[in-house]
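[1] Pasting the sequence and the predicted coordinates here, then a few questions.
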Amino acid sequence: MKLKQYQVDAFTDKVFSGNPAAVVPVSSWPEDSLLQAIAEENNLSETAFFAPSANGFHLRWFTPVKEVDLCGHATLATAHVLFEILGYTKQVIIFETRSGELFVKKKGKMLEMDFPASPATPCGISETLIQGLGRRPLEVLAADDYLAVFDSEEAVRAITPDQALLGRLDLRGVIVTAPGTGVDFVSRFFAPKFGIPEDPVTGSAHCTLAPYWADRLGKNILTARQVSKRGGSIACEVQADRVLLSGCAVTFMEAEIVCQ
């Protein structure tokens, strides 16, 4: 069996930046063990697989170690492949996922994703989290991930995490954030227990970040930058219990997987 694979840099308008994701179209679902093996072989933070459905497409995401419920940058990458490479002509793509229906449409040169919001609530600051980040946050909240808030972009950039300690935490990962220079807020994201020491640009984390900063800054349209080594930019809009995330994507590679 042979499968097409595309590698796309998401949340950027140039290659070698943003967050790379592999995208694999399938006509029907292979065994989960094969999907996981492909993701492990790719060794990217996410590999997306999609198959036709009655209303659009079924979409699944795999890290190198397991399937996950939601991934923003790989959703953006998949929409880019459908619109720009495979010639999808409808205005809106409907993805059926483990997190419900997700919608992606073109917005000028960008793609806009409509995701469920995941607001965080205040929680205690554990010593494991403090030691894992190497410094004490101003406050910590929890949703699918811990959200650790700092006072400055410089503090976020300076964090050198202890991956082993962060991997002991009970939630998916850790988002660190602060007010940004030239943008409303900056962030980084660590998820070592999912095989992702640091994710370059994390769409799903902004489902938590955007509601937090919208409430703190008193506005629902926000600009964000993830200040990982590769870096990337996301435009956010909070609409009740949904978050609109917009960004660019570019194709890096087209390939063929040979499954023997």
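    Now that the structure is in, tell me what you want to look at. Residues are numbered from 1 along each chain as shown.
[2] Quick one: the helices in this protein, in order.
    Assigned helices in the chain, in chain order: 32-42, 72-80, 127-133, 153-158, 163-166, 206-217 (criterion: DSSP state H).
[3] Turn those helices into a markdown table, including mean neighbour count.
    C-beta coordinates here come from the backbone N, C-alpha and C atoms, glycine included. Below are the helices of the chain laid out as a markdown table (neighbours: other CB atoms under 10 Å):
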| stretch | mean neighbour count |
| --- | --- |
| helix 32-42 | 16 |
| helix 72-80 | 30 |
| helix 127-133 | 17 |
| helix 153-158 | 16 |
| helix 163-166 | 16 |
| helix 206-217 | 22 |
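[4] Present those as TSV; the columns should include distance to residue 18 and mean pLDDT.
    TSV is the format used below for the helices of the chain (distance: least, CB to CB, whole Å; pLDDT from 0 to 100):
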stretch	distance to residue 18	mean pLDDT
helix 32-42	16	98
helix 72-80	8	97
helix 127-133	24	98
helix 153-158	18	98
helix 163-166	22	98
helix 206-217	14	98
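[5] any chance of the ones you listed in TSV, with distance to residue 237 too?
    Shown next, in TSV, are those (distance: least, CB to CB, whole Å):
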stretch	distance to residue 237
helix 32-42	31
helix 72-80	14
helix 127-133	29
helix 153-158	22
helix 163-166	30
helix 206-217	8
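[6] can you give me the strands for the stretch 101-250 of the chain?
    In the stretch 101-250 of the chain, the segments counted as strands under DSSP state E, counting those that start in this stretch are 110-116, 121-122, 139-142, 146-149, 174-179, 185-191, 196-199, 221-226, 232-239, 242-247, 249-258.
[7] rewinding a little: what's the closest of the helices of the chain to residue 179?
    Closest approach to residue 179 among the helices of the chain is made by helix 153-158 (7.0 Å; CB to CB).
[8] Any chance you could list what contacts the closest one?
    Applying CB atoms under 8 Å, 6 or more residues apart in numbering, the external contacts of helix 153-158 come out as 135, 150, 176-181, 186-188, 227.
[9] hey, C-alpha coordinates of it in CSV?
    Extracted C-alpha coordinates of helix 153-158, given in CSV (Å, rounded to 0.1, in the frame of the first residue of the first chain):
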residue,chain,number,x,y,z
GLU,A,153,8.0,38.2,27.4
GLU,A,154,11.6,38.0,28.5
ALA,A,155,10.6,35.7,31.4
VAL,A,156,8.8,33.4,29.0
ARG,A,157,11.7,33.3,26.5
ALA,A,158,14.1,32.5,29.3
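[10] Let's see the pLDDT reported for residue 188.
    With respect to pLDDT, residue 188 has a value of 99.
[11] now swap in residue 28 and tell me
    For residue 28, the model assigns a pLDDT of 95.
[12] Also residue 169?
    With respect to pLDDT, residue 169 scores 97.
[13] Let me know whether it touches residue 148 as I believe.
    No. Assessed by CB atoms under 8 Å, residue 169 is found out of contact with residue 148, at 10.9 Å.
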